[in-house]
Structure formats: structure tokens, C-alpha cells
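**Student:** coords please:
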Amino acid sequence: MAQLDSVEINIEQYKVNNEAINLIKQGELYYTYINDLEKRREQVDLQLEALSSIEKYVRKKSDQPGVVPSLTLVSDIMLIDLLKQLYNAEFERDKIAAVSGDKNENVTLANKKVLQIKNDILENIENVRRNFQIELDKINSSTADFQSMFNQIPQKERKLIDKNRQQEIKNNIYIYLLQKREETALSSASTSPDLRILESGSASGPIRPIAKNFYLIGFIVGLIAFILFVQLQETLNNKVMFRAQIEDKSNVPVVGEIIQSKHKENIAITEGKRTVVAEQFRTLRTNLGFIGLSEVSNSILVTSSISGEGKSFIATNLAISLTLNGKKVALLELDLRKPKISKQLNVERNPGISSYLVGKASIEEIIKPTTYKNLFLLPSGPIPANPTELIALPSFEQMMMKLKQQFDYVIIDSAPISPVTDSQLLNSFAETTIYVIRHAVTPNVYLKLLQSLQREKKFNNLCVVFNGIKPRGVHLFNYSFGGYGNGYGYGYGYGYGYGYGYGGEGGGYYTSNDRDFPGYKNIWGILPRIKALFNRKKND
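**Tutor:** Below is the predicted model of the structure:
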């Protein structure tokens, strides 16, 4: 069987490689092609002869118009038209010469016209002859190819006959072996065996141990161990992970939530930009209006607990978002110990606020325009040895009064609350205070500090922006499925914050309403928390 298959495959491959599917029809087809090419070559030769006789007619030097050669074999329309023009021009010339004589100026002009037409005809003949010669070369080449293939048909047919003969021999052997196999099978069937099977075995598996019980026990133990692991990890975690933690441990409203982005850029909102982070800053701008921010109460203090929570990022992009409403905004780089905004906005830091407070610069010199329309930066200036004492100077109060009169909004980027007291000194100059908390960065202990600040009213109109949240949950059209926060934050999409003194990205999870998260306070809601852990591992 294998030998027969090999021969048949060999024949099939030979027919494909040599295009020998039907050699008789191939021969007829090649013969037809050769005849068609010969007919076309004869037509081209006739047209070349016609061109030669026309050229001879044009080149002859005779004062009398001769007989125009036959144009029936000429296929070029332009050449036919030029010949008609030549005949008419010679007839007009002879007509003028008969009336006025050969010396007349009109006869000279007519001769020039005849000569020009003859030159055009000769040039056209040359072009047409060149084209016919190219076609003739192609005809000769094709004729040679088809003639060669036509001549190979007898040789291919002989080789194919040999291969068919081998196929017939192998086929006869195969039929003979099939007959013998059937005879052997009939002979074996006539012989009765000494042994026979009374009943086949029916056991479907081992009786002991029961595998299903072990699988079930293993699954339950594994699930309990994993739940305990998740619960222990959540218990030992000392960072702020959810918005509900902020709302449970303080009465401070959350007016905005900024999602962490994969892109490392300091400016998240510009005119016409429609990313989710940009929309979150527009929402933050709107929410601040709901809690009392206006052109009358127009100063905002931005601070945080520790460094690395993104307060400078929030201050800068909030300032830009206010300018998009056509407002004139002054941004004060009052983190005098670690200033970063001037570098990010590409503004010269000296002279700056510290220069003004020590009397080395005027307020006009330190108000510097940025590349963003209506946004002006007051850089920090040289880093002083005593920032707290500078803020307490009367000249600072005078500066703030002038800025509030000159600008629609004044945004103050202050130092963190925990290490220094600068922010508390600046409270008297701000009607609204934004306290930045960063997901998975801010320790839980600072939520007690936040509640204490709210209870003791150490800051005016205190509110929170939850920064650096990593999206989790079902995403739909670049928004995570879930809804809005408790009255304020917008909270879904992509975003990020840069750290105080670092400029790095944050990380973590986010829900817009963690009170609906059933596993937040008790073990019975552990499954959603397991899902959150998987998302965290994936994002990290």
C-alpha cells in the first residue's frame, strides 16, 4: 500500500512540476498560441513595409505632388492626419505658384510649411517604427518560448507513460495482497478458539482511598488558609487604602479623587485635553465651588501629612484648571525647603518669595508668567535657613493682600504638616485648605491628625483630595464601573501624583463607595477583598 501511494504521489508531483495535466490539450493550446503570434508578426511586418513606403514618398524631392501610398495598413491616426495635411499643403503651394510664380513670397512660406509637415511625418514614422520593432521582439520571444514548450510535450508524455506503467504494476500487487488477506481472514474465522471471555471487568476505579473526599478537604483547607492570609495582610497594613477609611475616621469631606496614570508627566490638564485625569481635576474645581470657593473667598492652601503625597502636583494642575475658566491665577511655591514647581513649569527660581521677604526684590519682580495663559508663578527663591520666620514677617501679609487684589485666585503650595508648622502659619491667609492623602503612602495614623485638625478648626474650610489611586474593578470605556463618591469625588479612570521631594508615582486600589464594599469591616465580606488583593498584585 505504501509503495502504491508513493508511485501515485510521484505521478501527481510530476504532473504538477511539469504542467502535464493533459498533454494533448496542452499541445493544441501551444499550437494555437504560436499561430496567433505568427499572424500578429505578419501584421506588424506589413505595417513596417507601409511605413517604409510612406517614408520614401515623403523623402522624395519633387515639385509636383505625388500619389499618396495606401493608408489602409497604417493604424496610427496621427500619421494619417499628417499625410493629409502634407497633401493639402503641397496642393496649396502649387496653386499659389501657378498664380503668382515660384518667386512669390507666399510660395516660400508654403514651401516652409510643407517642409515642416514632412519633418513631423518623418519623426512620427520613426516613433511608430520603434514601437512596432519592440512589439516584434516580444512576439519573437514569446513564439520561441511556446515553441520550446511545444517541443517538450513528446518527452513529457513518454516519461508519464513510464510512471503510469509502474502505477499499474503496484496496483496489481496491491489487489493480489488484498485477496490473500481476505482468504486468511476467512480461514481464521472457521477455527473455533479453546478459550472465551465469560464477563468483562466492571470496576470503574479504586475502592480506597476516595479521591473526591481528598480533593474537597484540600480545597477547603486551601481556601481557609488563603482567607486567613488576606485577613492578616489587611490587618497588618498601616496605609490608607480606601476612601471609606478617610470618611470613617474623620468628618472631612473628600472633594476629589485622582487616579494613578501610567504616564509620567507633571501636567495632567491643559486646554482641550479630555483624559480622565483632566476631567477629575475639572470635577475637583467644581466641587471646591460647592464648598465655598469663589472669587471673593479666592485663596487655597494645599498641604499634606508627609512628603511624597503629591500636593505640588495637585496645586499645579488645580491652578491650570482654574485658568481654563478664564481666571487669573497666582501659584505660590511656598514649600521653601524643597521647592519643585518652578522646575516643572520651567520658571527661573531666583528672585523669588524669599528674596521679596528679605527686601532684595519687589513683588513685580517675583510674579513670573508661565507658558500657560493666565497662570503666574511666584517661585520660592533661594532656600532660606529660617522659612517659618520669613512667613511670619509683616511683608508676607502685605504680599498676600496685593495678590488677592490682583488675581482671581491664589493657590499656596505649602510644606507638609507633620515635619514643620509652615502650613498652620499660612492658614490665616487661605479661605480653603486642601489636605492631600495618597493611596498606599499616607499612614493610617495621620487620619487621627486630620480629624484633630478638623475638630480644633486649625484650618479654614478643610477638605481632602485622595491622590494616586490605582483603578480596580470592571472597566468600561476607560472608566471603572462603580459610581461616584459620597457627594464629591469623581473618581474613575487614569491619573497619578508626584511625590514631595521625589516626583515618583503612587499605587493601590480604589472604590468610589467603599461603604458598599461588604468585606471592609467583617470577615463575611472577605471574597471581594480577595478580588481586591488579586487586582493589587496585578497592578503592582
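**Student:** tell me how the protein divides into domains.
**Tutor:** Annotated domains of the chain cover 1-182, 243-470 [the TED database].
**Student:** low-confidence ranges, the stretch 1-150 of the chain, go.
**Tutor:** Scanning the stretch 1-150 of the chain for pLDDT under 70 picks out 1-24, 26-27, 61-73.
**Student:** which residues in it form helices?
**Tutor:** Ranges of helices within the stretch 1-150 of the chain are 2-18, 23-59, 77-100, 105-189, based on DSSP state H, counting those that start in this stretch.
**Student:** tell me the most buried of the domains of the chain?
**Tutor:** Using mean count of other Cβ atoms under 10 Å, the stretch among the domains of the chain with the largest mean neighbour count is domain 243-470, at a mean of 20. In short, each C-beta sits where N, CA and C put it, glycine included.
**Student:** quick one: which of the domains of the chain is nearest Val221?
**Tutor:** Using Cβ to Cβ as the measure, domain 243-470 is the one of these that comes nearest Val221, at 30.8 Å.
**Student:** run the chain-centre distance for the closest one.
**Tutor:** Taking Cα atoms, centre = their mean, to the nearest Å, one finds the center of domain 243-470 at 35 Å from the center of the full chain.
**Student:** before we move on, back to that, with respect to Ala211, which of the domains of the chain lies nearest?
**Tutor:** Closest to Ala211 of the domains of the chain is domain 243-470 (Cβ to Cβ; 41.3 Å).
**Student:** how long is that closest one end to end?
**Tutor:** End-to-end distance for domain 243-470: 12 Å, by Cα to Cα, to the nearest Å.
**Student:** ok, Thr370 touching Leu378?
**Tutor:** No - taking Cβ atoms under 8 Å as the definition, Thr370 is not a contact partner of Leu378, at 10.9 Å.
**Student:** quick one on the thing from earlier: with distance to Ile341 added, can I get the helices of the stretch 1-150 of the chain in TSV?
**Tutor:** Putting the helices of the stretch 1-150 of the chain into TSV (distance: least, Cβ to Cβ, whole Å) gives the following:
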stretch	distance to Ile341
helix 2-18	75
helix 23-59	83
helix 77-100	78
helix 105-189	75
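**Student:** so which of those helices is nearest Val255?
**Tutor:** Closest approach to Val255 among these (Cβ to Cβ): helix 2-18, 76.7 Å.
**Student:** how far away is Ile246 from Arg337?
**Tutor:** With distances taken as Cβ to Cβ, to the nearest Å, Ile246 is found 26 Å from Arg337.
**Student:** and for Lys60?
**Tutor:** For Lys60, the distance to Arg337 - Cβ to Cβ - is 107 Å.
**Student:** please verify my assumption that Pro443 contacts Met241.
**Tutor:** No - using Cβ under 8 Å, Pro443 is not in contact with Met241, being 11.3 Å away.
**Student:** in CSV: the domains of the chain, plus distance to Ile217.
**Tutor:** Formatted as CSV, the domains of the chain follow (distance: least, Cβ to Cβ, whole Å):
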stretch, distance to Ile217
domain 1-182, 55
domain 243-470, 36
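**Student:** where in the protein is pLDDT low?
**Tutor:** Along the chain, the parts satisfying pLDDT under 70 run over 1-24, 26-27, 61-73, 152-168, 170, 187-196, 201-205, 472-540.
**Student:** helix or strand: which one has Phe466?
**Tutor:** In this assignment (DSSP states H and E), Phe466 forms part of strand 462-469.
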